[in-house]
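Undergrad: Quick one: sequence plus predicted model below, questions after.
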Amino acid sequence: MNQTISAVRFYCKHVLHYPAEIQYIRPKKQTKLPNVMSEKKVAKLLRAVTNLKHKTILYPTQSGGLRVGEVVRLRYSDLDIERQTIIVRQGKGQKDRRNLFSILLGRLCRTTLLSIDPLLVVSGALFGTASYRA
């Protein structure tokens with residue numbers, strides 16, 4: 001709608017050469033509330049996952065509010081277990097930030113790291129190779 005209003009305004013001003021500035025009412029953007037799962041549904045979802053790697057991906061996305069791309073780039077060194085925080089590197093807008101996590105997530109990440117490929121243990125990446133530079 002805004003594009004149409006701008007096109008008509010440009011046409012009137014530059015093609016028809018109307019000297020007067022015509023005021024147009026621009027429509028407001030619709031704001032939609034996000035769909036949020038209940039605590040019971042989230043708990044049921046997390047219990048239903050049996051694959052350890054998939055469970056380790058779901059926990060920080062649900063409990064810490066991390067995006068999938070941020071979780072995939074996560075390293076074990078990004079978990080500060082004493083403070084119960086996750087350091088998210090190169091998140092949205094290429095910004096670093098800290099998020100809280102539960103003790104259960106720390107244990108889950110440690111278990112995942114010990115049960116996967118030994119080469120990944122050396123790099124510290126939880127899922128595949130870390131795609132950012134430390």
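TA: Sure thing, it's come through. Numbers count the residues shown, from 1 in each chain.
Undergrad: quick one: contacts for S102?
TA: Residues in contact with S102 (Cβ atoms under 8 Å, 6 or more residues apart in numbering) are Y59, S63, Q84. (C-beta placed from N, C-alpha, C; glycine too.)
Undergrad: and the nearest residue to R110 once chain neighbours are set aside, how many residues sit next to it?
TA: Here the nearest residue to R110 in space, its sequence neighbours aside, is Y76; by Cβ to Cβ, 6 or more residues apart in numbering that works out to 7.6 Å. Using other Cβ atoms under 10 Å, Y76 is surrounded by 17 other residues.
Undergrad: same check, this time on L58
TA: Using other Cβ under 10 Å, L58 is surrounded by 19 other residues.
Undergrad: confidence score at it?
TA: L58 is assigned a predicted lDDT (pLDDT) of 84.
Undergrad: Could you measure from it over to G65?
TA: 12 Å (Cβ to Cβ, to the nearest Å).
Undergrad: picking up where we left off before, correct me if wrong: the residue nearest to R110 contacts G106.
TA: No. When contacts are counted by Cβ atoms under 8 Å, Y76 is not listed as touching G106 (9.7 Å).
Undergrad: Give me the residue at the spatial middle of the chain.
TA: Residue closest to the mean C-alpha point of the chain, counted by Cα atoms, centre = their mean, is R67 at 2.2 Å.
Undergrad: I'd like the distance between that one and T111.
TA: Separation of R67 from T111 (Cβ to Cβ): 23 Å.
Undergrad: what do you get for P27?
TA: Computed as Cβ to Cβ, the P27 to T111 distance reads 52 Å.
Undergrad: between these two, which one's more packed in?
TA: In this view P27 and T111 are compared by other Cβ under 10 Å, and T111 has more residues nearby, 13 against 8.
Undergrad: quick one: buried residues of the helix or strand where the more buried one lies?
TA: In this structure, T111 sits in helix 103-115 according to DSSP states H and E. Neighbour counts using 16 or more other Cβ atoms under 10 Å place L105, G106, L108, C109, T112, L113 of helix 103-115 among the buried residues.
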